[in-house]
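Q: here's my sequence, what's the structure:
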Amino acid sequence: MTPNFDRAATAAAEILIKYGIKKAPVVPATIFKRAPGFNVVTFAEMSGMIGMDRKELLSSFDAQSHDAVSSVYLKDGKPFYLVAYNMLLPEYLVQRALAREMGHIVLCHDGSRPEEVRNAEAIAFAQHLLCPRPLIHALQESGIKITVEVLGNTTGCFEHCLMCMQNTPAAHVPPELNRQIRAQFSEYISEFLDFQQYLSKSDHSMLANFGTFMDGYEE
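A: Numbering: from 1, shown residues only. Model (predicted):
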């Protein structure tokens with residue numbers, strides 16, 4: 001069984017459109033708070049809610065879940081999601097972890113498929129949510145040398161995030177969705193790229209390597 005990367009990337013595009021995201025960095029916690037049926041808390045708040053010491057709570061998770069976890073339960077007969085994150089981690093790790101958990105929820109991962117398949121899809125969703133390809137394409141069209149610093153300034157996805165993107169397989173997203181995202185980001189793009197052009201003159205960081213992330217992109 002192989003991950004459905006097209007579905008993951010398309011779902012991320014649909015979330016950006018549905019919630020009218022117009023600039024970067026994309027903040028998953030803001031999207032969660034605007035969506036009905038979600039409660040986003042820190043691990044410390046979660047430990048208080050269930051009456052368990054924070055360290056004990058963390059020890060009950062797999063090591064890979066020490067950045068964020070999500071759970072679902074019924075409230076008034078409807079699914080309600082609790083998403084908890086580790087506020088002691090750097091901000092970029094928190095955003096990536098919350099985006100990954102959003103991917104699991106949006107893609108309706110219920111445990112019926114292998115864990116590695118579900119994780120690969122959720123990570124791909126996170127990359128496409130946090131670093132929208134229409135935004136990268138706008139950078140490419142601008143003629144600005146795309147370095148790690150330029151990518152980080154534009155999207156909030158710095159070197160560690162970029163390394164994950166390099167391993168994210170190419171995915172097809174309907175071109176009309178890409179065009180809509182590009183339109184939503186148009187003001188951000190026009191305002192930011194002029195400033196980024198100035199910043200890039202003193203940027204000596206390494207070039208950004210997207211791997212196959214941009215392959216198959218259509219706008």
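
Q: run through the protein and note the low-pLDDT ranges.
A: Counting by pLDDT under 70, the chain shows no low-confidence range.

Q: for the residue lying farthest from the centre of it, give me phi and psi.
A: Here the chain reaches farthest from its C-alpha mean at Gly51, the gap being 30.5 Å by CA atoms, centre = their mean. Torsion angles at Gly51 (phi, psi; degrees, to the nearest 10) stand at phi 70, psi 40.

Q: so it versus Leu207, what's the distance?
A: Gly51 sits 50 Å away from Leu207, going by CB to CB, to the nearest Å. In short, each C-beta sits where N, CA and C put it, glycine included.

Q: and if you look at Ala68?
A: 31 Å.

Q: same check on Arg7?
A: Arg7 is 30 Å from Leu207, by CB to CB.

Q: Ala68 and Leu207: which is more packed in?
A: Neighbour tally, Ala68 and Leu207, criterion other CB atoms under 10 Å: the higher count belongs to Ala68, 25 against 10.

Q: can you tell me the closest non-neighbouring residue to the more buried one?
A: Ala97 (3.6 Å; CB to CB, 6 or more residues apart in numbering).

Q: neighbours around that neighbour, how many?
A: For Ala97, using other CB under 10 Å, the count is 24.

Q: helix, strand or coil for it?
A: Following DSSP: H, G, I helix; E, B strand; the rest coil, we place Ala97 in the helix state.

Q: residue contacts, it?
A: Contact analysis of Ala97 by CB atoms under 8 Å, 6 or more residues apart in numbering lists Asp67, Ala68, Tyr85, Asn86, Leu89.

Q: Tyr92 contacts Leu162, doesn't it?
A: No - if you go by CB atoms under 8 Å, Tyr92 and Leu162 don't touch, sitting 10.9 Å apart.

Q: neighbour count winner among these two?
A: Between Tyr92 and Leu162, Leu162 has the larger neighbour count (other CB under 10 Å), namely 21 against 17.
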